[in-house]
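Asker: Sharing a model prediction with you, sequence too.
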Amino acid sequence: LYKYVLIGGTVSDDYGLERFEIYYKNADQAKEYKRKKITLIQNQNEQEFFHELKLDSIGIKEGQKLEYYLAVWDNDGVNGSKVYKTNKQTYILPSKQAIQSKLDQQKEKTSLDMTNSSDQSEDLSMKIKKLQEDLKGKKQLDWQDKKDIKKVIKEHNEFNTKIKELNKQIQKEQEQNERFHQEDEELQKKIDHLNKLMNELLDEETKKLMEDLEKLLDKNGNIDQIQNKLEKIKDNDDELQKELDRTIELYKKLKFDQQLNKTIKDLNKLASKQEKLAKETNNKTKVKTDLTKKQNALNAEFKEVEKKLEELDQMNKELKSPNTMDDLKEQQKEIEQEQQESSDELKNGSRKKASDSQKGAASKMKQMAGKMKQMQQSMEMEKLEEDLANLRQILHNLLYLSFTQEKLLNSFKKIEQSDPQFVYLSQKQINLNESSKVVEDSLYALASRIYQIEPYITKELSNMLKYMVQSNNAIKARRKNYAVAKQHYAMT
């Protein structure tokens, strides 16, 4: 996280140790060293030490250099205490570009790991489904069945470990990001919600089911009990798969929001630098070659901004529900032209024309940043209005499903299995199941855009759909009472 430098080693002297200190400074800003005492253990001639130098308290920023050395005094009471010093050591904090590059690489790795986890979750669900198919009709497990189940349990435990590691990885990534980028309040709320979703991906219920399944295997338990555990585990895994896919989409959206936010800030900072250079260019005491170097550096910085905009466009395309983005190519071209003209005028020795071009570039950068900020606000408002409309429709559909299911429930209670109405009502139940799937898909699509939708809401809807499917299967088997019970669960 580049928060501190850890210094460690061993100090020793035959006479004992009297005092131990570290001397340090920001070599890019300070001339004099500051010092801190390092605690020694009394009456111990040889001892190990570890000391943290916190970079933010020293004021070390990106690209700056920390310089330090150690000094230890012996405890020679006869000849007098003598001091021993180490050679000067340096630590250079990576540049802003290097740190950002590392953060971007980490985010790419996280995205890939999340996708791989989703694929692994789907693979596990398929293996459990195959196990269920293989066990159908059997009265007891054979050696191969036990081996296959134990293999799935092992893979499931490994998957759980991977999700925990992924959770830690995302938290560390956000800490690194916060170390160098101060996010606004709204974006920080999204980060907190995403972390909360990651923490809730793994529940204790699935862990307990796995432990119970393992015990049943060890005790040669009833095959129906094993099938029941496998069914529950598969249901939980299917739910986890959906939540993991949702989290992946929200993570992509967060990356987009962070990139957009940072690019706007970087562009405003670059505009300020360009304005400052325009003032310096008018100052005849400033050396032209230095001014040219500074302008070329700003030209390179704007190229980096353009690169980030290209990445932002690609991130947007990868979203399931892309944002409407303005075309900024014309503004970029105008800024490039102003910057190039300022560089050319400096080479020609025309300070005033160069300064005017620099002011023009700075002004256009501010306008472009303002347009991007307005675009950001418009995207948020557009999405909010769309999400509210979708939420209203989902609530309306849920009420329709609930009332329709209640009517079907009451109708099934009144008829016998031999009644011709039984087939008609069965078809209505099938149609209602199809409608509920549409509602479920709509809710998950909405949950993939809104961080605040709690996992238990999507889980309850999935349970409703599961009960409706079970009711439909019971109707096909002419098990009316069981079907009515499942309809009741679905409705409540």
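Answerer: Perfect, I can see it now. Numbers count the residues shown, from 1 in each chain.
Asker: For this structure, which segments count as helices?
Answerer: Using DSSP state H, the helices of the chain run over 55-58, 96-135, 143-180, 185-199, 204-218, 223-282, 288-317, 329-348, 351-414, 421-447, 455-476, 480-491.
Asker: possible to save the ones you listed as CSV with distance to residue 79, mean pLDDT and mean neighbour count?
Answerer: No exception for glycine: its C-beta is placed from N, CA and C like everyone else's. Converted to CSV, the helices of the chain look like this (distance: least, Cβ to Cβ, whole Å; pLDDT from 0 to 100; neighbours: other Cβ atoms under 10 Å):
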stretch, distance to residue 79, mean pLDDT, mean neighbour count
helix 55-58, 36, 86, 15
helix 96-135, 49, 88, 15
helix 143-180, 48, 87, 15
helix 185-199, 60, 82, 15
helix 204-218, 67, 86, 15
helix 223-282, 58, 91, 19
helix 288-317, 55, 93, 16
helix 329-348, 65, 94, 17
helix 351-414, 66, 90, 16
helix 421-447, 76, 87, 16
helix 455-476, 72, 81, 18
helix 480-491, 89, 79, 18
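Asker: Is it possible to get JSON lines of these that adds distance to residue 38?
Answerer: Listed next are those as JSON lines, based on distance: least, Cβ to Cβ, whole Å:
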{"stretch": "helix 55-58", "distance to residue 38": "16"}
{"stretch": "helix 96-135", "distance to residue 38": "29"}
{"stretch": "helix 143-180", "distance to residue 38": "25"}
{"stretch": "helix 185-199", "distance to residue 38": "36"}
{"stretch": "helix 204-218", "distance to residue 38": "45"}
{"stretch": "helix 223-282", "distance to residue 38": "39"}
{"stretch": "helix 288-317", "distance to residue 38": "40"}
{"stretch": "helix 329-348", "distance to residue 38": "50"}
{"stretch": "helix 351-414", "distance to residue 38": "47"}
{"stretch": "helix 421-447", "distance to residue 38": "53"}
{"stretch": "helix 455-476", "distance to residue 38": "49"}
{"stretch": "helix 480-491", "distance to residue 38": "66"}
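Asker: and of the ones you listed, who's closest to residue 82?
Answerer: helix 55-58 (28.7 Å; Cβ to Cβ).
Asker: Extract the C-alpha trace of the closest one and format it as CSV.
Answerer: C-alpha atoms of helix 55-58 as CSV (Å, rounded to 0.1, in the frame of the first residue of the first chain):
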residue,chain,number,x,y,z
LEU,A,55,5.6,7.8,4.5
ASP,A,56,2.5,10.0,4.8
SER,A,57,3.7,11.5,8.2
ILE,A,58,7.1,12.3,6.6
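Asker: packing partners for it?
Answerer: Helix 55-58 sits against strand 17-26, with contacts defined as 3 or more Cβ pairs under 8 Å, 6 or more residues apart in numbering; DSSP states H and E.
Asker: Not counting residues beside it along the chain, what's closest to residue 162?
Answerer: In space, and not counting its chain neighbours, residue 162 is closest to residue 117: 6.1 Å by Cβ to Cβ, 6 or more residues apart in numbering.
Asker: try residue 357
Answerer: The shortest distance from residue 357 to any non-neighbouring residue, by Cβ to Cβ, 6+ apart, is to residue 342 (3.7 Å).
Asker: Equivalent analysis for residue 320, please.
Answerer: Of all residues not flanking residue 320 in the chain, residue 249 sits nearest, at 5.8 Å (Cβ to Cβ, 6+ apart).
Asker: Verify the contact between the one you found and residue 319 for me.
Answerer: Yes: here residue 249 lies in contact with residue 319, judged by Cβ atoms under 8 Å, at a distance of 7.3 Å.
Asker: Contact partners for the nearest residue to residue 391 once chain neighbours are set aside?
Answerer: Setting aside the residues directly before and after it, residue 391 is nearest to residue 446 in space (Cβ to Cβ, 6+ apart), at 6.4 Å. Residue 446 makes contact with 387, 390, 391, 394, 453, according to Cβ atoms under 8 Å, 6 or more residues apart in numbering.
Asker: closest to residue 197 among these?
Answerer: residue 453 (9.5 Å).
Asker: who's in contact with the closest residue to the closest one other than its chain neighbours?
Answerer: Closest residue to residue 453 apart from its sequence neighbours, by Cβ to Cβ, 6+ apart: residue 447 at 4.3 Å. Each residue near residue 447 by Cβ under 8 Å, 6+ apart is listed here: 246, 453, 457, 458.
Asker: one more time with 7 Å, if that's ok
Answerer: Taking Cβ atoms under 7 Å, 6 or more residues apart in numbering, we find residue 447 in contact with 246, 453, 458.
Asker: mind giving me JSON lines with the residues you listed and columns for distance to residue 305?
Answerer: Below are these laid out as JSON lines (distance: Cβ to Cβ, whole Å):
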{"residue": "246", "distance to residue 305": "32"}
{"residue": "453", "distance to residue 305": "34"}
{"residue": "458", "distance to residue 305": "38"}
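Asker: nearest to residue 270, of those residues?
Answerer: For the contacts of residue 447, the minimum distance to residue 270 (Cβ to Cβ) is 36.1 Å, reached by residue 246.
Asker: Hmm, the closest one is touching residue 449, no?
Answerer: No: Residue 246 is beyond contact range of residue 449, at 9.5 Å (criterion: Cβ atoms under 7 Å).
Asker: Could you report the distance from the nearest residue to residue 390 once chain neighbours are set aside to residue 285?
Answerer: Closest residue to residue 390 apart from its sequence neighbours, by Cβ to Cβ, 6+ apart: residue 446 at 5.2 Å. Computed as Cβ to Cβ, to the nearest Å, the residue 446 to residue 285 distance reads 61 Å.
Asker: next one: residue 408
Answerer: Plainly put, residue 408 is 88 Å away from residue 285 if you go by Cβ to Cβ.
Asker: what's the answer for residue 67, then?
Answerer: From residue 67 to residue 285 the distance is 31 Å (Cβ to Cβ).
Asker: higher neighbour count, these two?
Answerer: Taking other Cβ atoms under 10 Å, residue 67 and residue 285 do not tie; residue 67 has more neighbours (17 against 5).
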